[in-house]
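Asker: Okay, sequence plus prediction incoming.
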Amino acid sequence: MTQAERMAPPGLEARRIEVRGVVQGVGFRPFVWRLAERHGVTGRVRNVSGAVEIHAEGSPEALDAFEDAIATEAPPLAHVESLVWTPGVLEGLGAFDVERSIDGDGDRLVSGDAATCAACLTELFDPNDRRFRYPFINCTDCGPRFTIIEALPYDRERTSMRTFPMCADCRREYEDPGDRRFHAEPVACPTCGPRLSMIGAADPAADPIEAAATLIGEGGILALKGLGGFHLACDATDAAAVDRLRDRKRRPDKPFAVMVADEAAAREWFAPTGAELTALSSWRAPIVLIAAARPLAPSVAPGFARHGAMLPSTPLHHLLMRAVGRPLVMTSGNASEEPICVTNEDATSRLSSIADAVLAHDRPVVARYDDSVVRVRTGDAVPSVVRRARSSAPTPIDLAADVPPILGTGALLHGAFCLAHGRRAFLSQHLGDLDTEESMAAYREALDRFRRVFRIEPELAVHDLHPDFMTTRFAASLGLPTVAVQHHHAHVAATMAERGLDGEVLGLAFDGLGLGDDGTVWGGELLVCSAGTYRRVGHLRHVVQPGGDAATRDPIRMALAHAHDAGVLDAAIDRLAPAAELVAVVERQIETGLASPRTSSAGRLFDAVAAIAGVCRSASFEGQPAMLLEEAVRAPVAHAAAPVVTRCPDGLLELDTRPLIVDALEPGDAAARFHAGFAVLIADAAMTAAADAGLDRVVLGGGVFHNDVLTTALTAGLTDAGLRVFLPREVPVGDGGIALGQVLVANAMKERS
């Protein structure tokens with residue numbers, strides 16, 4: 001027996017407790033300290049190798065209650081995955097201490113950036129608080145995280161706050177375990193922290209927030225520095241200002257997100273459901289797709305009844321919103337198709353032709369991040385990620401089995417990579433379309449940071465089957481063994497990975513395009529998949545894609561191609577009234593196949609129907625026709641076109657799209673009839689394919705399933721037939737999640753070989 005054990009009161013014991021998950025950089029150690037004080041427990045707590053390690057002493061009853069509280073009362077940004085305790089050596093400690101972090105080789109998890117908490121907001125607008133109107137107020141429950149972290153463990157000297165020495169008051173809060181700013185690494189105040197500056201203001205001596213609000217009120221466009229880079233903002237009720245922003249940003253049609261000051265303003269301008277309001281006001285503060293209640297400027301979201309609504313994510317945004325007093329367009333700080341600006345110098349240079357002034361500050365942004373976008377699907381209580389970015393990444397996806405260090409490089413559109421090792425898959429933030437050197441430079445920068453922070457050096461690089469994707473070329477440049485994964489197999493596998501599915505499933509992979517293993521363009525596929533294998537069992541009827549990529553910008557081309565295939569070309573020409581020259585060119589391309597591949601693309605089918613229905617006949621961004629066609633559905637209808645699924649000589653099921661085209665030319669609500677008919681057609685084919693393969697699990701993947709009208713009708717039809725349907729939630733169902741699927745497939749292929 002030790003001296004401490006002889007001196008300790010009877011009935012006490014010691015335990016060594018290890019807590020894993022997202023438990024560092026989220027105020028977990030002060031939380032444990034407060035629990036220890038509450039339960040009369042002595043000991044110590046520290047961060048070690050990606051975990052929180054606790055030595056606790058007390059009565060068995062007190063220690064049990066202490067452990068229960070750790071698991072059930074964790075801080076808002078924390079996520080406890082496991083809590084394991086073993087008997088410890090009783091030391092007879094008289095207090096509970098918080099010790100400094102120790103680096104190691106264990107799990108390295110960190111929270112995403114968190115929107116300003118209620119306590120900090122109260123201080124922000126309290127004239128008697130020393131941080132009154134300070135734009136960088138934060139605590140352990142909120143504020144920047146991954147966008148300021150340069151390395152782990154998460155301590156101030158490894159963040160972009162290292163250049164701001166704490167004043168005595170901030171240091172006192174930082175070192176007090178009872179204070180909510182204990183070890184809040186970005187802690188600062190007006191005396192010692194970052195400062196705002198207004199570049200290009202009419203009066204340089206004016207308060208930057210007031211100057212920015214005046215600029216916006218006069219119809220100006222403001223660039224302001226957010227958590228992951230710059231936003232561009234203007235008055236969302238000022239049609240001239242919004243039109244001017246569209247013209248300068250070179251973004252003619254794609255909807256803008258709109259920021260409102262608080263939940264009350266969200267209810268005033270939008271019509272959120274309970275689930276949408278919960279998502280909107282969560283600590284992630286994403287953009288949420290919500291129906292409009294009051295009209296904004298017509299060009300905020302032309303043709304769309306839903307808007308991307310968001311609440312302020314930083315104290316700076318809160319101050320600006322209160323000063324302006326109206327909804328603001330809040331869009332990424334870049335010209336169209338360029339990476340967002342992150343430095344003050346970059347913003348004043350690249351945004352000078354767009355913004356009338358720049359609201360900047362001197363805290364560097366370490367990681368370039370757009371805002372996340374989510375949507376609450378019909379019948380769901382929780383949101384599904386459409387664009388995974390700020391606050392969602394880099395939270396890892398938990399895998400069902402261990403994988404070696406693997407890099408999934410993703411696809412061309414909605415670029416994102418996945419760096420995985422063990423049972424963690426770190427799917428990156430949205431990095432834009434990867435079709436320029438500038439976008440690939442931002443991609444490489446983000447990947448280098450993930451490798452450094454999470455200490456994962458890939459041993460295998462996985463890429464799309466398409467040889468011309470820049471991500472395919474990038475994978476080849478790394479000097480690693482490479483694996484090519486078929487695009488639609490990866491889509492299905494991404495959903496399987498998030499949902500923890502193994503064995504075989506029936507995969508429905510519907511999107512714009514992906515290279516098939518037969519060298520043709522796929523996009524409406526039924527696949528029997530496991531993680532490492534797939535076989536094509538069905539597809540949409542193939543049609544010519546006149547002019548190749550030109551057809552994605554000109555939906556009339558696909559309308560003519562589908563109408564030709566359906567034998568109703570003359571009726572389509574009467575409806576569309578295209579130029580005679582275009583008709584001649586398309587007919588020649590259909591006959592010769594010159595620069596016009598045959599495709600089974602569901603995305604191009606949507607383009608055709610959108611053109612026929614008159615909702616979109618010229619596309620300025622990818623997915624625009626399909627999005628507008630969904631918006632055109634005002635009420636569900638019964639399908640009119642009878643589904644036709646036939647079996648081809650090669651044994652594959654063919655989903656005949658011709659009746660859908662014929663029906664779209666009929667009078668009435670073509671958009672609603674098409675969605676209903678297409679859902680029935682897919683469900684009919686899926687039921688046959690599932691029965692053939694003896695499967696009851698159907699996994700959806702591909703950007704088409706962002707469409708809530710189609711997905712809701714399809715899911716209902718499959719569920720009524722006794723099939724189980726799986727969709728992702730934390731991973732985008734489109735190309736933004738494909739890198740995760742690449743990792744799962746490549747690992748399974750490696751294990752099988």
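Answerer: That came through fine.
Asker: going forward, measure contacts between C-alpha atoms and count neighbours the same way
Answerer: Fine.
Asker: quick one: low-confidence parts of the stretch 51-200 of the chain?
Answerer: Using pLDDT under 70 as the threshold, the predicted model of the stretch 51-200 of the chain has low-confidence ranges 103-108.
Asker: show me where it has helices.
Answerer: Taking DSSP state H, counting those that start in this stretch as the criterion, the stretch 51-200 of the chain carries its helices at 60-72, 118-124, 168-174.
Asker: Show me what the last one is packed up against.
Answerer: Counting contacts by 3 or more CA pairs under 8 Å, 6 or more residues apart in numbering; DSSP states H and E, helix 168-174 packs against no other helix or strand.
Asker: I'd like the helices of the stretch 51-200 of the chain as JSON lines, with distance to P208 appended.
Answerer: What follows is the helices of the stretch 51-200 of the chain, written out as JSON lines (distance: least, CA to CA, whole Å):
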{"stretch": "helix 60-72", "distance to P208": "43"}
{"stretch": "helix 118-124", "distance to P208": "16"}
{"stretch": "helix 168-174", "distance to P208": "24"}
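Asker: Quick one, which of the ones you listed gets closest to V709.
Answerer: Of all the helices of the stretch 51-200 of the chain, helix 118-124 sits nearest to V709, with 36.1 Å by CA to CA.
Asker: among the helices of the stretch 51-200 of the chain, which is nearest A550?
Answerer: Comparing the helices of the stretch 51-200 of the chain by CA to CA, helix 118-124 comes nearest, at 49.9 Å.
Asker: now for that closest one, which elements pack on it?
Answerer: When contacts are defined as 3+ CA pairs under 8 Å, 6+ apart, helix 118-124 packs onto no helix or strand at all.
Asker: okay, it in PDB with CA atoms only?
Answerer: Listed in PDB are the C-alpha atoms of helix 118-124, where the atom choice follows Å, rounded to 0.1, in the frame of the first residue of the first chain:
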ATOM      1  CA  ALA A 118     -25.900  33.100 -27.100                       C
ATOM      2  CA  ALA A 119     -23.600  34.000 -24.200                       C
ATOM      3  CA  CYS A 120     -21.100  35.800 -26.600                       C
ATOM      4  CA  LEU A 121     -24.000  37.500 -28.400                       C
ATOM      5  CA  THR A 122     -25.300  38.900 -25.100                       C
ATOM      6  CA  GLU A 123     -21.900  40.400 -24.400                       C
ATOM      7  CA  LEU A 124     -21.500  41.600 -28.000                       C
END
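Asker: Pull the residues that contact that helix.
Answerer: By CA atoms under 8 Å, 6 or more residues apart in numbering, the surrounding residues in contact with helix 118-124 are 129, 131-135, 137-139, 315.
Asker: One more pass at 6 Å, please.
Answerer: Where contact means CA atoms under 6 Å, 6 or more residues apart in numbering, the residues beyond helix 118-124 that reach it are 129, 132-133.
Asker: One more: stretch 239-255?
Answerer: Outside of stretch 239-255, the residues within contact range by CA under 6 Å, 6+ apart are 219, 297, 300-301, 335-336, 354.
Asker: least confident pick among the residues you listed?
Answerer: Across the contacts of stretch 239-255, the smallest pLDDT goes to S336, namely 81.
Asker: okay, now that one: neighbour count?
Answerer: Residues lying near S336 (other CA atoms under 10 Å) number 14.
Asker: Just the mean pLDDT for the helix or strand containing D565, thanks.
Answerer: D565 is part of helix 555-566 when elements are defined by DSSP states H and E. Per-residue pLDDT values across helix 555-566 average out to 97.
Asker: for stretch 39-58, which positions count as buried?
Answerer: 39-58 (16 or more other CA atoms under 10 Å).
Asker: The one helix or strand L506 maps to - what's its average pLDDT?
Answerer: Using DSSP H and E, L506 falls within strand 505-515. For strand 505-515, the mean pLDDT works out to 97.
Asker: next one: stretch 380-389
Answerer: pLDDT averaged over stretch 380-389 equals 95, rounded to a whole number.
Asker: cool, and stretch 586-594?
Answerer: If you average the pLDDT over stretch 586-594, you get 93.
Asker: List the neighbours of that stretch that are in contact with it.
Answerer: Residues outside stretch 586-594 that contact it (CA under 6 Å, 6+ apart): P546.
Asker: if we can go back for a sec, residues contacting the very next helix or strand once past the strand holding L506, please?
Answerer: Read in the C-terminal direction, the helix or strand following strand 505-515 is strand 521-529, with elements assigned using DSSP H and E. Residues outside strand 521-529 that contact it (CA under 6 Å, 6+ apart) are 504-516, 534-540, 599-602.
Asker: so the closest residue in space to A257 that isn't next to it in sequence bridges to which residues?
Answerer: Distances taken as CA to CA, 6 or more residues apart in numbering put G308 closest to A257, at 4.5 Å, once the chain neighbours are dropped. According to DSSP bridges, the residues that bridge with G308 are A257, L289.
Asker: Report the contact partners of G308.
Answerer: Residues touching G308, when contacts are defined by CA under 6 Å, 6+ apart, comprise 257, 287-289.
Asker: By neighbour count, which of the residues you listed wins?
Answerer: Neighbours were tallied for each of the contacts of G308 (criterion: other CA under 10 Å), and the maximum of 29 neighbours falls on V288.
Asker: What is the burial count for A584?
Answerer: Neighbour number of A584 under other CA under 10 Å is 11.
Asker: tell me the SS of it?
Answerer: What DSSP: H, G, I helix; E, B strand; the rest coil gives for A584 is helix.
Asker: L319 too?
Answerer: Going by three-state DSSP: L319 is helix.
Asker: picking up where we left off before, show me how far the strand holding L506 is from its chain's centre.
Answerer: Averaging C-alpha coordinates over strand 505-515 and over its chain gives two centres that are 20 Å apart (CA atoms, centre = their mean, to the nearest Å).
Asker: need the helices of the stretch 51-200 of the chain in JSON lines with mean neighbour count and distance to R752, can you?
Answerer: What follows is the helices of the stretch 51-200 of the chain, written out as JSON lines (neighbours: other CA atoms under 10 Å; distance: least, CA to CA, whole Å):
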{"stretch": "helix 60-72", "mean neighbour count": "15", "distance to R752": "39"}
{"stretch": "helix 118-124", "mean neighbour count": "17", "distance to R752": "52"}
{"stretch": "helix 168-174", "mean neighbour count": "16", "distance to R752": "52"}
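Asker: Show me which parts of the helix ranked longest in the chain are buried, residue by residue.
Answerer: With DSSP state H setting the assignment, residue counts place helix 670-693 as the longest helix in the chain. Residues 670-687, 689-690 are the ones in helix 670-693 that count as buried (16+ other CA under 10 Å).
Asker: same question, stretch 415-428
Answerer: For stretch 415-428, burial by neighbour count (16+ other CA under 10 Å) applies to 415-421, 424-428.
Asker: JSON lines for the residues you listed, including secondary structure?
Answerer: Supplementary listing: the buried residues of stretch 415-428 in JSON lines, determined by three-state DSSP:
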{"residue": "G415", "secondary structure": "coil"}
{"residue": "A416", "secondary structure": "coil"}
{"residue": "F417", "secondary structure": "coil"}
{"residue": "C418", "secondary structure": "strand"}
{"residue": "L419", "secondary structure": "strand"}
{"residue": "A420", "secondary structure": "strand"}
{"residue": "H421", "secondary structure": "strand"}
{"residue": "R424", "secondary structure": "strand"}
{"residue": "A425", "secondary structure": "strand"}
{"residue": "F426", "secondary structure": "strand"}
{"residue": "L427", "secondary structure": "strand"}
{"residue": "S428", "secondary structure": "coil"}
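Asker: Do a quick rundown of the helices in the stretch 301-450 of the chain.
Answerer: Ranges of helices in the stretch 301-450 of the chain, per DSSP H, counting those that start in this stretch, are 315-324, 344-350, 437-454.
Asker: what's the next secondary structure element after the lowest-mean-pLDDT helix or strand in the chain?
Answerer: Least confident helix or strand of the chain, by mean pLDDT, DSSP states H and E, is helix 3-7 with a mean of 48. Following helix 3-7 in sequence order, the next helix or strand is strand 13-22 (DSSP H and E).
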